[in-house]
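>>> The amino acid sequence is not available; the structure is as follows:
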DNA sequence: GCGACCGGACTGCAATAGCAGATTGCAGAC
DNA sequence: GTCTGCAATCTGCTATTGCAGTCCGGTCGC
């Protein structure tokens, strides 16, 4: 075997995304940020044309979006962007509370020492951000922390579901962090508490704390108002 | 409008399922019952041939199964049936506990009077089954009850996810009902308790009771043993 | 004028063909 | 015997074409 030249690292498979995957992300983002408003009719063919690809990957992306509730297609008639009002967003929020809780529980059950070290590192890295007010950086660090926890469950179904759910309140989260100046610190403390439960291998506590954290965060951004909780 | 001859009922949209949908169910069932064992390599082409359809719907079915964690595909290399040992089944069980709980919570929030009446009807219909020991009928009534609750959340994401999860422990549930003679009565009482919470529009209680019910049911069938709960 | 009808222009769905990575095995060089 | 490189043959992925429902607008019969 060749001894590999320094600085040459194996290619990540994530660099090359399929057209279907890229179409999916593009569409999801467009729906989330409102450039594809609810009720908008979209056809596989025309979409394919505007994206410069064939209809098949577009179709694949649409089916996936349909499974995630962002699009609804009436057979042989057309597919349109789903309308999700505050009610729908609140529903998705409740689902996210539940799934993030389960993720935390699983993480507490099967986290290795190095996983916990990595989480600690992420938590520490968030600390300096509390001083400034770079909301975008905070949000990203936030998502990285949650994403890491979900990742170490090793459950692809859970990960995929949560990724889809996150799209729903991506903007709500920014709002939450901005809403009150003490929100970032509060979130940080809650993250620390969750991590300590994971560290102690305490699934029940980790789940409860995660649920409380996500719920409170959603409430802070007003997403759960539709259920006047 | 023509007055329709007696016994002639409008066609249900479910009669005409797309090939992709049929392929999906076929494959899912085959995986669940073990005729497609874990690790088995499956190729779009050969599968299409054996099913007598083209590769496109097969591919669609596979992508969906992948999203549900029953299949894993390595890009440009192949796709194979996922191995899910007891651990994986237990994980899915935990997720199901969470989602069924959320479904019950949502149901309690937005159930109409007629929905509750329908649930009461289902519950009453299950009662005589407690006398006999037709396990299959009991299981079906069981699923109908749960399915109705999920249905009246009106959340397609939730419904679809739960349908996928149910496939995982379909057989485990039969085992649970058979395991102990008192299990069906116990399940019935728990169902009644859940329904009463929904009826009183008490989301928290409905969620808690549903979670406890599903958890206990999963424990009875040994699915959660992998986490020595 | 009014309603049934019919043809074109959509739609999602499926079939077919071909592309480019990935694997395997064999032939040849050393 | 071991390694290298090529080629056949897999794979998933994408493009193209065509099919069959569905909708819509004009037209014909009354």
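Great, that's in hand. These figures come from a predicted structure and were not determined experimentally. Residues are numbered from 1 along each chain as shown, chains lettered A, B, ... in the order given.

>>> low-confidence ranges in chain A?
A:1-8, A:10-15, A:171-172, A:174, A:177, A:229 (pLDDT under 70).

>>> Alongside DNA strand C, which residues does it contribute?
A:42-46, A:55-56, A:59, A:73, A:75-79 (CB under 7 Å from any atom of the strand). Any C-beta I mention is one placed from the backbone N, CA and C, and that applies to glycine too.

>>> Buried ones from those residues, can you make that a ChimeraX selection?
Here is the ChimeraX command that selects the buried residues among the residues of chain A next to DNA strand C (16 or more other CB atoms under 10 Å in any protein chain shown):
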select /A:42,44,55,56,59,73,79
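
>>> Show me which residues of the biggest helix by length in chain A are buried.
Ranked by number of residues, the top helix in chain A under DSSP state H is helix A:86-110. For helix A:86-110, the neighbour count (16+ other CB under 10 Å) marks A:88-110 as buried.

>>> ok so, going back, next, give me the two most distant ones among the residues of chain A next to DNA strand C.
Longest distance between any two of the residues of chain A next to DNA strand C is 19.8 Å, between A:56 and A:77; criterion CB to CB.

>>> Apart from its neighbours in sequence, what residue is nearest the residue nearest in space to the middle of chain A?
Nearest to the mean C-alpha position of chain A, by CA atoms, centre = their mean, lies residue A:166 at 3.1 Å. Among residues not flanking residue A:166 along the chain, residue A:143 sits closest, at 7.1 Å (CB to CB, 6 or more residues apart in numbering or on different chains).

>>> isn't there a strand covering that neighbour?
No. Judged by DSSP: H, G, I helix; E, B strand; the rest coil, residue A:143 forms no part of a strand; its state is helix.

>>> before we move on, which element is the residue nearest to the centre of chain A in?
helix A:156-168 (DSSP states H and E).

>>> Touching that helix from outside, list them.
By CB atoms under 8 Å, 6 or more residues apart in numbering or on different chains, the residues outside helix A:156-168 that reach it are A:28, A:32, A:68, A:70, A:84, A:89, A:92-93, A:95-96, A:99-100, A:102-103, A:106, A:143, A:146, A:150-151, A:153, B:67-69, B:72, B:91-92, B:95, B:157, B:161, B:164.

>>> That helix and DNA strand D in contact?
No. Helix A:156-168 does not reach DNA strand D (CB under 7 Å from any atom of the strand); its nearest approach is 14.8 Å.

>>> Just say helix, strand or coil for residue A:224.
Strictly by three-state DSSP, residue A:224 counts as helix.

>>> From DNA strand D, how far out is it?
Separation of residue A:224 from DNA strand D (CB to the nearest atom of the strand, to the nearest Å) stands at 36 Å.
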